[in-house]
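>>> what's the 3D shape of this:
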Amino acid sequence: MPEGVCALCHQNAELRDSHLIPKGVYKALREPDHVIRHPILVTAAATVQSSEQVSDYLLCCRCELIFEQNGEDWVLRNSPKRSGKFPLRDALLRSSVKSEIPSGIICKAPHDPAFDMEKLIYFAASVFWRASVHDWGGSKHLMTPAPLSPLVEGQLRRFLLGIGPFPARTSLLISVSAGQHPRPQCVFPTPMQKSSPNVPDISAVAFCTPGLQFRFMWDNVPENSQSVSVIRPPHAVLLTDRVEDEIFENASHLRLTSKVVGSLGDVSF
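Presented below is the predicted three-dimensional model:
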């Protein structure tokens, strides 16, 4: 392992080959018994089967362990399984305070004890911070840069180290798939686009792992968006079918210009 300055603790140390999205997510995307074994990568230019992962030497062993223990391990353990089990969703459904809205069900605190909100928030913060703090230049063909403002990036680092609060005047929205068998899909951290010209300009990025969607907003975040952030009471989480639908719609849009290449050329999917 090469030596360098850890991006999180700023100490000189041996650096680990750190993943932007945890390695366990890639494992969940693979289909070892299917003709298409590896994840299908869809960009505006190409659609290809790829086992490539976004990683680089970023964190020391101690900070990698902090990320694993404070969020990654719990999220991976409670994410959708091939058996159809989805422990995180089931724990959310056991929460006592729910209300229906057009896009799904809003679940509010107090949540079921098995639904660990702190680990879910920490996991989301760690991925957004990793996407911003490092130039993942070797993976430009896999992802779009998703930088945060320097102020928010620094505040997130202090939060991840446990020496500061979550950034103020921001909003973290978490959606959980309501489907019985969420598709094994992943979207790297990407700047969010405005849904219409009438929507105010808000700095925002989002990413998805199987069954989960995370959206983080800062700069000019309206009060109503701040009020539904999971950071603040009542810590609302959305249970919805829209997680998979939005990913599928975005992929379908990219496929309009995307060329199927490589091993997928002779496969119908």
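>>> Local confidence estimate at Arg82?
pLDDT for Arg82: 82.
>>> Secondary structure element holding it?
Using DSSP states H and E, Arg82 falls within no helix or strand.
>>> how many other residues sit next to it?
Look at Arg82: counted by other Cβ atoms under 10 Å, it has 9 neighbours. No exception for glycine: its C-beta is placed from N, CA and C like everyone else's.
>>> try Ser79
21.
>>> from what I can see it touches Cys208, true?
No. Distance between Ser79 and Cys208: 11.4 Å, which falls outside the contact criterion (Cβ atoms under 8 Å).
>>> List the buried residues in the single longest helix found in the chain.
In the chain, with assignment by DSSP state H, the single longest helix is helix 117-133. For helix 117-133, burial by neighbour count (16 or more other Cβ atoms under 10 Å) applies to 119-133.
>>> Repeat that for stretch 18-30.
Result for stretch 18-30 [16+ other Cβ under 10 Å]: buried residues Ser18, His19, Leu20, Ile21, Pro22, Gly24, Val25, Tyr26, Ala28, Leu29.
>>> my guess is Asn220 is in a strand, correct?
No. Assignment of Asn220 by DSSP: H, G, I helix; E, B strand; the rest coil gives coil, placing it outside any strand.
>>> Could I get the pLDDT score of it?
80.
>>> Test my guess that it contacts Ala204.
No. Assessed by Cβ under 8 Å, Asn220 is found out of contact with Ala204, at 9.9 Å.
>>> So for the two, which residue has more residues nearby?
More crowded of Asn220 and Ala204, by other Cβ under 10 Å: Ala204, with 22 against 12.
>>> residues touching the more buried one, list them.
Neighbouring residues of Ala204 by Cβ atoms under 8 Å, 6 or more residues apart in numbering: Pro191, Met192, Arg215, Phe216, Met217, Trp218.
>>> hang on, the earlier thing: and the contacts of the longest helix of the chain?
7, 18, 20-21, 58, 67, 70-72, 74-75, 88, 109, 111, 143, 145-148, 153, 156-157, 159-160, 166, 172, 174, 188-189, 205, 207, 214, 216, 230-231, 235, 237.
>>> now the helices: where do they sit in the stretch 101-250 of the chain?
Per DSSP state H, counting those that start in this stretch, the stretch 101-250 of the chain carries helices over the ranges 117-133, 150-161, 223-227, 242-254.
>>> Good, we can wrap up now.
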